[in-house]
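A.B. asks: Sequence plus predicted model, see below.
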Amino acid sequence: MQETTDSHTDNQADKARQLVRAALHHVPFDGWSDASLNAAAEECGITTAQLAEILPGGPAAAVAVWLEMADQEMCEGFARLDPAPARIPEKIRALILLRLEQAAPHKMAVRRTLSFLARPDQAKRASQTLYRTVDAMWRAAGDRATDFSFYSKRATLSAVYSATLLAWLADDSPDMDETKAFLDRRLADVANIPKLVKPFSALRARFQAGGPGFRRRKRRP
């Protein structure tokens, strides 16, 4: 019985991905909408009733499926890189650029996706999908942190990736030259943060220890 249930679930997931791939050709014109999904279902030979069963969440579910597919394709593509980047910053850079290169054939669909996720009712889904993407990037890069840096790294990368995505949408340069330059500047800014924080950390430590120049005054009775 369990095998039958698993088989049915896998079959539904396959059909969902098939539908989303077909819908990508309609999204630039109709956005993530029932119209796009109905057109995709017709092309795939799927009835309206079957469509409701495969994607019960409608367009929102279709967006989630597409972004999950993109995460998976990014990680699979990164695993095939030869030679593979050696250092973590290089790995993160390669992952972001790979994600954008894979999305290039559907650039207008990406615009439509951002517009869809910018709706107030999609705020939670937008944050969830962004977190899932940057988490996939860090894991693919080999990060195994479990301390507080686990969250700070993902928050930082969320900002870098989001900004680079917007730069990419406006980039008409050959081979994404402007996007690459933008990304390199953002990554350089992030790399400089520890250098800026270190002197202040040392200053704080001296103050807390009551070091030279920071002798604590005794309180008068």
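C.D. replies: Arrived safely.
A.B. asks: Now do the contacts for the residue nearest to the spatial centre of the chain.
C.D. replies: Closest residue to the average C-alpha location of the chain: residue 133 at 3.0 Å, with Cα atoms, centre = their mean. Each residue near residue 133 by Cβ atoms under 8 Å, 6 or more residues apart in numbering is listed here: 67, 70, 71, 99, 161. For every residue, glycine as well, the C-beta is placed using N, CA and C.
A.B. asks: domains of this structure?
C.D. replies: According to automatic domain parsing, the chain comprises the domains 7-56, 57-209.
A.B. asks: can you redo those as a markdown table with mean pLDDT?
C.D. replies: As requested, these are exported to a markdown table (pLDDT from 0 to 100):
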| stretch | mean pLDDT |
| --- | --- |
| domain 7-56 | 93 |
| domain 57-209 | 89 |
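A.B. asks: from those, which stretch is densest packed?
C.D. replies: domain 7-56 (a mean of 17; mean count of other Cβ atoms under 10 Å).
A.B. asks: Just give me how far it sits from the chain centre.
C.D. replies: For domain 7-56, the separation from the chain centroid amounts to 23 Å (computed by Cα atoms, centre = their mean, to the nearest Å).
A.B. asks: Do a quick rundown of the helices in the chain.
C.D. replies: 2-23, 27-30, 34-44, 48-54, 58-79, 88-103, 107-117, 123-140, 149-169, 177-209 (DSSP state H).
A.B. asks: which residues touch the nearest residue to residue 26 once chain neighbours are set aside?
C.D. replies: With sequence-adjacent residues excluded and distances taken as Cβ to Cβ, 6 or more residues apart in numbering, residue 26 is closest to residue 36, at 4.0 Å. By Cβ under 8 Å, 6+ apart, residue 36 lies in contact with 23, 26, 27, 29, 30, 59, 62.
A.B. asks: quick check, nearest of these to residue 126?
C.D. replies: residue 59 (13.8 Å; Cβ to Cβ).
A.B. asks: Hmm, that closest one is touching residue 35, no?
C.D. replies: No. Using Cβ atoms under 8 Å as the test, residue 59 is too far from residue 35 to be in contact (9.5 Å).
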